[in-house]
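Peer 1: Sequence first, then the predicted structure, then my questions.
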Amino acid sequence: MFRDDNIRYFDEPGPQNTDALIEAVKRRIKRSGIEYVVMASESGNTALKVAGALRGSKVKVVCVTAYAGLRFSWPEGGKWPSITGETRKKLEDLGVKIVEETLYIFKGVTFDARFLGRAAPSWAIHEFLSRTMGYGFKTALEIAMMAAEAGAVPIDKEVIAIAGTGWLGGGADCAIVVKPSPVPKTTDMEKGLEVREIIAIPRIKFNEKLIKEIKKAKETV
């Protein structure tokens, strides 16, 4: 058995794709009846946009955002919670679950990276997924795991995970259908993390602007 399906390909990554991505997600939900949408949103603004678009449906929206330890480690002194004020109130009024106490899984903020640097397994996974599939794809996988860790989504049902390329200013440019898994079960043959479908994704993963932003950030470290 097989099924041909539509994937929305964006020419480049970035927040300019957000509205078109939400449209593709709504179309996918209508056809499948998926009950959970997990999304990455540090300020809460993109989560608010997604939740507003899904208002009136039976879909439960989960917003995964920055945890306290990450915010406090910023040189300029980050504040936590990262989602506050009117934005937080609007999200809560829409029934959005905010996950803000779960540690990131990939890259340099993990425990192994503190000791091993770029040789850490979590960093290698981050770089491999980000370069081959894009930052949005990498982050979508990560937040699906984080939401499962927090108990915010079921691990026996498919969910839609949405994320974007933060280097380019937020928004959303990737959406995938995932069977979530908590970290200890990630590679388990029966209960492991699994990408079931791609709904939308950029064709070009690293455009000129993204490369410039990353190089500039590395120069200031």
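Peer 2: Cool, the structure landed. Numbers count the residues shown, from 1 in each chain.

Peer 1: so who does the spatially closest residue to Glu194 that is not a sequence neighbour touch?
Peer 2: Distances taken as Cβ to Cβ, 6 or more residues apart in numbering place Lys179 nearest to Glu194, at 4.3 Å, with adjacent residues excluded. Where you see a C-beta, it was placed from the backbone N, CA and C, and this is true even at glycine. Neighbour list for Lys179: 155, 157-159, 193-194, 196 [criterion: Cβ atoms under 8 Å, 6 or more residues apart in numbering].

Peer 1: mind listing the strands for this protein?
Peer 2: Remark: strands assigned in the chain by DSSP state E are 8-10, 36-40, 60-64, 97-99, 159-165, 170-179, 194-202.

Peer 1: Do a quick rundown of the helices in this structure.
Peer 2: Secondary structure of the chain by DSSP state H: the helices cover 18-32, 45-53, 68-72, 85-93, 111-116, 121-133, 135-149, 208-220.

Peer 1: contact partners of the fifth one?
Peer 2: Around helix 111-116, the neighbours that count as contacts under Cβ under 8 Å, 6+ apart are 107, 120-123.

Peer 1: For Ile143, grab the count of nearby residues.
Peer 2: Residues contacting Ile143 under the criterion other Cβ atoms under 10 Å number 30.

Peer 1: So it is in contact with Val38, correct?
Peer 2: Yes - if you go by Cβ atoms under 8 Å, Ile143 and Val38 touch, sitting 5.4 Å apart.

Peer 1: list residues touching both of those two?
Peer 2: Common neighbours of Ile143 and Val38, counting by Cβ under 8 Å, 6+ apart, are 64, 161.

Peer 1: Tell me the confidence at Asp4?
Peer 2: At Asp4, the model reports a pLDDT of 86.

Peer 1: count of residues packed around it?
Peer 2: Using other Cβ under 10 Å, Asp4 has 4 neighbouring residues.
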